[in-house]
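Novice: When you get a sec, could you give me coordinates for this:
(2 chains)
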Number of protein chains: 2
Amino acid sequence: MKIVALAGGVGGAKMVDGLAECLPPSDLTVIVNTGDDFEHYGLKICPDLDTVCYTLAGLANSETGWGRAGESWRTLDEIKSLGDEAWFNLGDLDMATHMLRTQRLQRGELLSEITGDFCKQWGITVAVYPMSNSPVRTFIHTRAGRRLSFQEYFVRYQFKPEITEIEFEGIQKAQVPEAALDAIDKADAIIYCPSNPFVSIDPIIQIKAIGESIQQKKILAVSPLIGEHALKGPAAKMFRELGEVPSALNVAKHYRSNLSYFIMDNQDKEQSKTIEGWGIMCRALDILMPNRTQRKRLAREVLTFLEKSV
Amino acid sequence: MKIVALAGGVGGAKMVDGLAECLPPSDLTVIVNTGDDFEHYGLKICPDLDTVCYTLAGLANSETGWGRAGESWRTLDEIKSLGDEAWFNLGDLDMATHMLRTQRLQRGELLSEITGDFCKQWGITVAVYPMSNSPVRTFIHTRAGRRLSFQEYFVRYQFKPEITEIEFEGIQKAQVPEAALDAIDKADAIIYCPSNPFVSIDPIIQIKAIGESIQQKKILAVSPLIGEHALKGPAAKMFRELGEVPSALNVAKHYRSNLSYFIMDNQDKEQSKTIEGWGIMCRALDILMPNRTQRKRLAREVLTFLEKSV
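Specialist: Next up is the predicted model:
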């Protein structure tokens, strides 16, 4: 069964890693959000893409979920000693990725090509594509009237500002890698990984070329919420600030128009009746992935469910 | 006595460091070559400026002459492991300088402002200015018909290619910091540090605004050659490839038109007669600066000579 997984940061990376353990490489393609990419100290930084790749390569810091294992911080400490706020964590190993990527982008290479080469170097056998080779930038509009780039909102201000609106600048001109669209075309199912619906999955599926091509497909979403809580990040807080109760049900509702299948946590099982009423087949599972064994377990259960249902 | 020192890399930095030990900070201004600046991995790198500043701050690696003491190479090693040649040595501490500089330049700040702030952070009390706030780029034309950026020639190809011509791209549009021109205006003497005449001092003095303003001044040059050898780098080799014997005499001849005073090594003393015949007052000294004590000693001797002569 050929799968295309759409993923954002940490939760998405874990799900993708589990799927990669269960599927032959040729059956899995990952399309990653690039809406929270940004330029910092002259370097092009792609946080979600790197989190997915580091995780797949077994290079990720398993405690934080982002960044590299065995990381050091000599450059960043030195930047701080020069009086800079240094609000974004850039480790010495991680930096190599940004520097080479920046160099190659400035030479006119495509982000998808560069990512493919990095994957080869890191021994990643599944195909990983950025959602766009041209910049799409997520901006968070806040109640205080500010328009923050995603990383400013997320890291610098620790997602404390209250959001009123989310904007994906450049999404109309997004250049989806051809190979990513081919993979969607050949896929038996699309999986929305348990990533933030508003800022990880939405920027991917709101790209017209992707949104249209997945409409023909069976789509399964895995809830990023358990109870009223996000496992990581601002998803629950965003639901509230946008006027909705954070819940598996409202995740399913958010994706409702295209969704065929929905995976929720066992503890949210009672919400499945309402969701199934919308014609979405539900399955309650243990969706926590505290380690690699659990990632693989959840991926296998999701794939088994899909195989029976598609 | 107010001095403006023109400097390139390692030799220039040593001389400047000695002068800074002998003069009150308000009496010394350093103007540094930026012709070998370049962009690498998206970062703006100013090798001569950094060598001068690191040396003045006591942060320089005393073995290499360039880069930082106590440096580490985690990022560069990681860049190599990603398959890149990594021909330019960028240490983890050094990187902080390039990253902050790049960020601030991209925000529209001037290189001279940024350099001034770095100097403050590093406790440097003498004024250090880049020769230009706009890019001037040294290109080396080679016998093999290539046009190499200076760092490619110097570091990547270890100055092995035979040179035929040296070009300073952008020199007509060079924007000399106002404060640097003010310092020249107020100076009692200009010192050409023992830097490479062709690629360290020439790019500075061939900027029209600098060339014209120093014409009114007493200029002293310190030879970068002892016997037929450069203490470091390609100066001697360049003399040969440009058809001249590398010698103190030919250094003085190179600078001849504006020069009032010339400092050569004791072992080249016999050349002084010819040079004095051109109206240039000579002094033979021990011009080796193997350590800080010797830098200070040479600086004091040069300043004493100047005080008596100007």
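Novice: which stretches of chain A form strands?
Specialist: Counting by DSSP state E, chain A has strands at residues A:3-7, A:28-32, A:38-40, A:43-45, A:127-130, A:137-142, A:147-149, A:163-169, A:189-192, A:218-222, A:225-226, A:229-230, A:261-265, A:281-285.
Novice: Those residues of chain A touching chain B, which are they?
Specialist: Neighbours of chain B within chain A, by Cβ under 8 Å from any Cβ of the partner chain: A:39-44, A:72, A:74-76, A:78-79, A:81-84, A:92-93, A:95-97, A:99-100, A:102-103, A:106, A:117-118, A:121. To be clear about C-beta, it is placed using only N, CA and C from the backbone, and glycine gets the same treatment.
Novice: How many residues are close by the residue in the stretch 201-310 of chain A that chain B sits nearest to?
Specialist: The nearest approach of the stretch 201-310 of chain A to chain B comes at residue A:292, 23.4 Å away (Cβ to the nearest Cβ). By other Cβ atoms under 10 Å in any protein chain shown, 15 other residues sit near residue A:292.
Novice: now do the one 5 residues further on
Specialist: As a burial measure, residue A:297 scores 17 neighbours (other Cβ under 10 Å).
Novice: wait, what's in contact with it?
Specialist: The neighbourhood of residue A:297, defined by Cβ atoms under 8 Å, 6 or more residues apart in numbering or on different chains, consists of A:18, A:286.
Novice: Let me know the pLDDT of the closest residue to residue A:168 other than its chain neighbours.
Specialist: Using Cβ to Cβ, 6 or more residues apart in numbering or on different chains and skipping the chain neighbours, the partner closest in space to residue A:168 is residue A:203 (5.0 Å). If you check residue A:203, the pLDDT there is 98.
Novice: can you pull the contacts of residue A:203?
Specialist: A:33, A:34, A:35, A:131, A:136, A:138, A:168, A:171 are the contacts of residue A:203 under Cβ under 8 Å, 6+ apart.
Novice: Which of the strands of chain A sits closest to residue B:276?
Specialist: strand A:43-45 (54.4 Å; Cβ to Cβ).
Novice: how distant is that closest one from the center of its chain?
Specialist: Strand A:43-45 sits 18 Å away from the centroid of its parent chain (Cα atoms, centre = their mean, to the nearest Å).
Novice: What average pLDDT does it get?
Specialist: 98.
Novice: hmm, who's touching it?
Specialist: A:37-39, A:88, A:90, A:95, A:98-99, A:101-102, A:105, A:151, B:41-43, B:99.
Novice: Now intersect those with the helices, please.
Specialist: A:95, A:98, A:99, A:101, A:102, A:105, A:151, B:99 (DSSP state H).
Novice: and the last one, what does it touch?
Specialist: Read that as residue B:99. A:41, A:42, A:43, A:75, A:79, B:43.
Novice: picking that back up, okay if I get the strands of chain A as CSV plus mean neighbour count?
Specialist: What follows is those, written out as CSV (neighbours: other Cβ atoms under 10 Å in any protein chain shown):
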stretch, mean neighbour count
strand A:3-7, 28
strand A:28-32, 27
strand A:38-40, 18
strand A:43-45, 21
strand A:127-130, 24
strand A:137-142, 20
strand A:147-149, 17
strand A:163-169, 16
strand A:189-192, 27
strand A:218-222, 24
strand A:225-226, 22
strand A:229-230, 16
strand A:261-265, 24
strand A:281-285, 19
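Novice: Out of those strands, which gets the lowest mean score?
Specialist: Taking the mean pLDDT of those, strand A:229-230 comes last: a mean of 90.
Novice: excluding its backbone neighbours, what's nearest the residue of the stretch 201-310 of chain A closest to chain B?
Specialist: In space, residue A:292 is closest to residue A:17, 7.0 Å off (Cβ to Cβ, 6+ apart).
Novice: Tell me the confidence at the one you found?
Specialist: Listed pLDDT for residue A:17 reads 98.
Novice: any idea how far chain B is from it?
Specialist: 21 Å (Cβ to the nearest Cβ, to the nearest Å).
Novice: so what's that residue up against?
Specialist: Listed by Cβ under 8 Å, 6+ apart, the contact set of residue A:17 reads A:55, A:56, A:292, A:295.
Novice: any idea how far residue A:205 lies from residue B:7?
Specialist: 57 Å (Cβ to Cβ, to the nearest Å).
Novice: quick one on the thing from earlier: can you tell me which of the contacts of strand A:43-45 is closest to residue A:300?
Specialist: Relative to residue A:300, and with distances defined as Cβ to Cβ, the nearest of the contacts of strand A:43-45 is residue A:37, at 31.8 Å.
Novice: And the lowest-mean-pLDDT helix or strand in chain A, what does it pack against?
Specialist: Ranking every helix and strand in chain A by mean pLDDT, DSSP states H and E puts strand A:229-230 at the bottom, with a mean of 90. For strand A:229-230, the packing partners by 3 or more Cβ pairs under 8 Å, 6 or more residues apart in numbering or on different chains; DSSP states H and E come out as helix A:235-241.
Novice: how far out from the middle of the chain is the helix it packs on?
Specialist: With Cα atoms, centre = their mean, you get 17 Å for helix A:235-241.
Novice: now stretch A:180-194
Specialist: Counting by Cα atoms, centre = their mean, stretch A:180-194 comes out at 14 Å from the chain centroid.
Novice: Could you list the low-pLDDT ranges of chain A?
Specialist: Of all residues in chain A, none has pLDDT under 70.
Novice: Can you tell me the number of residues neighbouring residue A:212?
Specialist: 12.
Novice: Could you do residue A:206 as well?
Specialist: Neighbours of residue A:206 (other Cβ under 10 Å): 16.
Novice: show me what contacts it?
Specialist: A:168, A:171.
Novice: List phi and psi for it.
Specialist: phi -80, psi -10 (degrees, to the nearest 10).
Novice: Not counting sequence-adjacent ones, nearest residue to residue A:166?
Specialist: residue A:198 (5.6 Å).
Novice: you'd agree the one you found is up against residue A:238?
Specialist: Yes: the criterion here is Cβ atoms under 8 Å, and residue A:198 meets it with residue A:238 at 5.1 Å.
Novice: Distance-wise, check the residue of the stretch 101-250 of chain A found nearest chain B relative to residue B:46.
Specialist: Closest contact between the stretch 101-250 of chain A and chain B, by Cβ to the nearest Cβ, is at residue A:102 (3.3 Å). Using Cβ to Cβ, we find residue A:102 at a distance of 18 Å from residue B:46.
Novice: right, and residue A:30 touches residue A:8 too?
Specialist: No: applying Cβ under 8 Å as the test, residue A:30 and residue A:8 come out as separate, 11.0 Å apart.
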